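Visitor: Attaching a predicted model along with its sequence, questions to come.
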Amino acid sequence: GYIGISSRNMAYKSAKENANIIASQSALRLENQLNTSMDAIRVLAQAFSRWEMWPDSLWAQYVEQMYYPVFENNPQIYKLWDSWEKSMVDQDYNLPYGRYTHTYYRLGGKIILAKADRSMDGDPPLYAAIKKEAKESIWEPYWDVFSESGETKKFMTSMSVPIKKEGKYVGIVAVDITMDELQNIVKAINPMRESYAFLISNGGVLISHPDTSAIGKHLSEIMPEFDINYDISNQVKDGKQLAFRDFDSHSDKEVYMSFSPIKVGQTTTPWSVALGIPVAIITEEANNNLLISIIVTLIGLTLLTIITYIIAIRISRPISRSTLMLKKIEEGDIHNIEEIYTNRLDEIGDMAKSLNAVAAGLNQTAGFAEEIGKGNLDSEFSPKSKKDVLGNALIEMRASLRKAREEENHRKKEDAIQRWVTNGLAK
């Protein structure tokens with residue numbers, strides 16, 4: 001009834017709140033993972049803003065030497081690289097494009113440094129946008145287009161921090177992070193049976209998903225109804241939290257979805273992690289909790305009934321016997337009164353003991369009265385107290401009877417003497 005429905009609703013509400021909390025905690029973990037690398041390159045970019053203080057022939061060497069320990073001690077970084085505008089570091093170069101780059105990467109267990117000139121025919125669109133914005137950024141996921149010799153292309157993202165001189169763009173320090181580690185973190189998010197999680201970039205690209213064929217595709221391709229009905233792409237882009245319950249055509253189940261934003265450093269393009277839990281699993285757990293509650297309640301009621309019955313029997317039996325005893329006293333059948341046996345220490349026990357004492361006293365008094373009736377005026381008897389009206393009355397009656405007997409004996413003795421005297425005179 002009402003309790004069952006209320007309990008089920010409470011369990012469902014609790015599961016939703018837990019899902020939202022887990023989504024937020026997972027977002028924070030992913031955020032911390034990404035910020036570790038962002039913090040490292042921010043420090044480097046701030047240090048490199050004073051590159052002009054270094055000798056012209058040594059600045060590039062200093063940069064390389066500073067990169068090496070950072071890259072060595074941060075294994076989560078796939079590549080550590082930079083980009084220096086030629087027009088800012090080479091006084092003889094005056095074109096608005098063209099850049100020097102240093103790239104550290106790992107190959108065969110070794111750290112390799114690669115140097116290259118890029119954008120010599122113009123900046124590619126992605127770099128041009130980063131250059132124009134000149135602020136911390138996390139890029140949309142991509143397949144590495146600058147794989148060094150002997151490397152396999154990786155699905156990754158890049159994070160960059162601008163190097164500035166008096167507010168002017170000089171270049172960037174950047175890291176490439178493969179999606180492997182992030183995917184492993186997301187894959188481990190599994191708070192309930194059949195629950196799943198996935199990671200979405202600011203542009204709506206699926207970075208991680210239980211269906212690996214969906215990775216790299218836009219959210220609107222995999223969950224078109226969700227994206228249309230709940231405007232997920234824009235919600236993610238704006239860094240908003242989102243939660244809803246709906247049918248997921250991709251998993252063919254009704255699910256509860258919770259999205260939580262991931263904000264990295266000072267970037268303005270948040271990502272989002274989503275947690276999906278089949279509603280059937282939530283309600284199954286709610287039903288299980290309800291069943292457990294019902295079983296516990298029934299056990300409790302059964303125990304309460306048994307305890308109540310035992311208590312009632314313990315109370316009613318002495319009371320019934322007391323009533324029977326009073327009935328016999330009322331009828332005067334005091335010789336057939338059975339003693340009430342009880343070890344209770346409460347008021348009922350006190351009542352039973354008092355009635356036993358009354359019955360015993362009445363039997364003793366009746367016995368005394370019977371002895372007096374038989375003429376045994378020497379029978380022993382002691383009243384219960386000074387307030388024992390019946391007992392004291394019997395004592396007084398015995399005293400009166402004794403006195404009357406003595407007077408009768410005295411009178412008989414005098415009559416005998418008188419008869420003897422009379423008879424003697426007559427002779």
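Guide: Yep, it's here. Numbers count the residues shown, from 1 in each chain.
Visitor: any idea whether residue 247 is helix, strand or coil?
Guide: strand (DSSP: H, G, I helix; E, B strand; the rest coil).
Visitor: With adjacent residues omitted, what lies nearest to it?
Guide: Once flanking residues are discounted, residue 247 sits nearest to residue 254: 5.0 Å by Cβ to Cβ, 6 or more residues apart in numbering. Where you see a C-beta, it was placed from the backbone N, CA and C, and this is true even at glycine.
Visitor: check contacts around residue 419.
Guide: Neighbour list for residue 419: empty [criterion: Cβ atoms under 8 Å, 6 or more residues apart in numbering].
Visitor: which secondary structure element contains it?
Guide: helix 389-426 (DSSP states H and E).
Visitor: just how off-centre is that helix within its chain?
Guide: Helix 389-426 sits 97 Å away from the centroid of its parent chain (Cα atoms, centre = their mean, to the nearest Å).
Visitor: mean confidence score for that helix?
Guide: Averaged across helix 389-426, pLDDT comes to 74.
Visitor: can you check stretch 166-173 too?
Guide: Here the average pLDDT along stretch 166-173 is 92.
Visitor: in that stretch, what counts as buried?
Guide: 169-173 (16 or more other Cβ atoms under 10 Å).
Visitor: Kindly indicate which of those lies nearest residue 51.
Guide: Nearest to residue 51 among the buried residues of stretch 166-173, counting by Cβ to Cβ, is residue 170 at 7.7 Å.
Visitor: What is the burial count for residue 388?
Guide: 15 (other Cβ atoms under 10 Å).
Visitor: Repeat that for residue 76.
Guide: 15.
Visitor: For it, pull up the helix or strand it's in.
Guide: Going by DSSP H and E, residue 76 is not part of any helix or strand.
Visitor: Could you tell me the phi and psi values at residue 21?
Guide: phi -70, psi -40 (degrees, to the nearest 10).
Visitor: Would you enumerate the residues in contact with it?
Guide: Applying Cβ under 8 Å, 6+ apart, no residues contact residue 21.
Visitor: so what's the residue nearest to residue 247 up against?
Guide: Counting by Cβ under 8 Å, 6+ apart, residue 254 has contacts 245-248, 278-280.
Visitor: Let me know how buried residue 71 is, in neighbour terms.
Guide: Neighbours of residue 71 (other Cβ under 10 Å): 19.
Visitor: tell me the SS of it?
Guide: helix.
Visitor: Check what pLDDT it gets.
Guide: 93.
Visitor: Residue 127: what's its closest spatial neighbour, skipping adjacent residues?
Guide: Counting by Cβ to Cβ, 6+ apart, the residue nearest residue 127 is residue 119, at 6.6 Å.
Visitor: Could you verify my assumption that the one you found touches residue 99?
Guide: Yes. The criterion here is Cβ atoms under 8 Å, and residue 119 meets it with residue 99 at 5.2 Å.
Visitor: more neighbours, the two?
Guide: residue 99 (22 against 19).
Visitor: of the contacts of residue 254, buried ones?
Guide: 248, 278-279.
Visitor: Out of the residues you listed, which one has the weakest pLDDT?
Guide: Among these, residue 248 has the lowest pLDDT, at 84.
Visitor: What residue, apart from its backbone neighbours, is nearest it spatially?
Guide: residue 255 (4.7 Å).
Visitor: avg pLDDT for the helix or strand harbouring that neighbour?
Guide: Assigned by DSSP H and E, residue 255 belongs to strand 253-262. Strand 253-262 shows a mean pLDDT of 94.
Visitor: For the chain, which segments count as strands?
Guide: 79-85, 99-107, 110-118, 137-138, 142-143, 155-165, 168-178, 196-200, 206-208, 242-248, 253-262, 271-278 (DSSP state E).
Visitor: which of the ones you listed is buried the deepest?
Guide: Most buried of the strands of the chain, by mean neighbour count (mean count of other Cβ atoms under 10 Å): strand 271-278, with a mean of 26.
Visitor: For that one, name the packing helices and strands.
Guide: Where contact means 3 or more Cβ pairs under 8 Å, 6 or more residues apart in numbering; DSSP states H and E, strand 271-278 is packed against helix 2-48, strand 196-200, helix 232-237, strand 253-262.
Visitor: Residue 383 is in contact with residue 395, correct?
Guide: Yes. When contacts are counted by Cβ under 8 Å, residue 395 is listed as touching residue 383 (6.4 Å).
Visitor: of the two, who's got more company?
Guide: Per other Cβ under 10 Å, whichever of residue 395 and residue 383 has more neighbours is residue 383, with 18 against 15.
Visitor: Tell me the pLDDT of residue 300.
Guide: We have a pLDDT of 86 for residue 300.
Visitor: Revised request: answer the last question for residue 287.
Guide: 69.
Visitor: before we move on, what about the one 4 residues further on?
Guide: The pLDDT attached to residue 291 in the predicted structure is 72.
Visitor: now residue 20
Guide: pLDDT, read off for residue 20, is 92.
Visitor: burial of residue 411, as a residue count?
Guide: Residues within reach of residue 411, counting by other Cβ under 10 Å, total 10.
Visitor: again, but for the one 10 residues further on
Guide: Using other Cβ under 10 Å, the number of residues around residue 421 comes to 10.
Visitor: Relative to residue 315, how far out is it?
Guide: 76 Å (Cβ to Cβ, to the nearest Å).
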